[in-house]
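*Asks:* model the structure of this input:
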Amino acid sequence: MSFPTATSPLVGPWVLGVLVNNAWSVAGGSSNTFLLQYFVNLNFPSGWYVSSAPVITANWKASPGQRWVVPFGAGAGKIVWVGGLPFNCTLAAFVNAVKPDFGPTWSLRAQRRGLGCGVGHGRRPPEQHHRSEPDRHGHESATLC
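*Replies:* The predicted structure follows:
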């Protein structure tokens, strides 16, 4: 299911959102799991950002008191260019406020992700990929690709 989205000058450098799903087994399996990931990013013009994007999960088939993992935490990241390609590099730490008895008390997420666009295939060269331009309301936004 998808919903139309929009932006507002009130949002500015913030990116907010949520991903929710529940997976059930088919053809005789026995899975019934829930996932919710909210994300809050504050972007800076230099390509740096601070973010919180914990992954909250539930196993509906587990015993009561053992179903949920609810982490809280945050991290930081930066968009970097490597060989003409943009990458999102991030490091975040989370504490599991709610967890099963056998679950970890904390987690660390380190990630480097290619953004899927680069020089060639009709793309602009790197110096033009990340630029900041004022919109019609005078707010600056970064443009990638």
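
*Asks:* quick check, pLDDT for the residue lying farthest from the centre of the chain.
*Replies:* In the chain, the residue that sits farthest from the middle, by C-alpha atoms, centre = their mean, is residue 28; the gap is 32.7 Å. With respect to pLDDT, residue 28 scores 76.

*Asks:* SS state for the residue nearest to residue 92 when sequence neighbours are not counted?
*Replies:* Using C-beta to C-beta, 6 or more residues apart in numbering and skipping the chain neighbours, the partner closest in space to residue 92 is residue 75 (2.5 Å). Every C-beta, even on glycine, is put in place using the N, C-alpha and C of the backbone. Here residue 75 is strand, with the state taken from DSSP: H, G, I helix; E, B strand; the rest coil.

*Asks:* count of neighbours near residue 75?
*Replies:* If you count neighbours by other C-beta atoms under 10 Å, residue 75 ends up with 18.

*Asks:* with residue 32 instead?
*Replies:* Residue 32, neighbours per other C-beta under 10 Å, totals 14.

*Asks:* one step back: my read: the residue nearest to residue 92 touches residue 91, true?
*Replies:* Yes - with contact defined as C-beta atoms under 8 Å, residue 75 reaches residue 91; the gap is 5.3 Å.

*Asks:* just the strands from this structure, written as ranges.
*Replies:* Assigned by DSSP state E, the strands in the chain fall at 14-24, 32-43, 48-52, 55-59, 68-82, 85-98, 106-114, 131-134, 140-143.

*Asks:* mean pLDDT added to the ones you listed, as a markdown table?
*Replies:* Converted to a markdown table, those look like this (pLDDT from 0 to 100):
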| stretch | mean pLDDT |
| --- | --- |
| strand 14-24 | 94 |
| strand 32-43 | 95 |
| strand 48-52 | 96 |
| strand 55-59 | 96 |
| strand 68-82 | 95 |
| strand 85-98 | 95 |
| strand 106-114 | 94 |
| strand 131-134 | 51 |
| strand 140-143 | 48 |
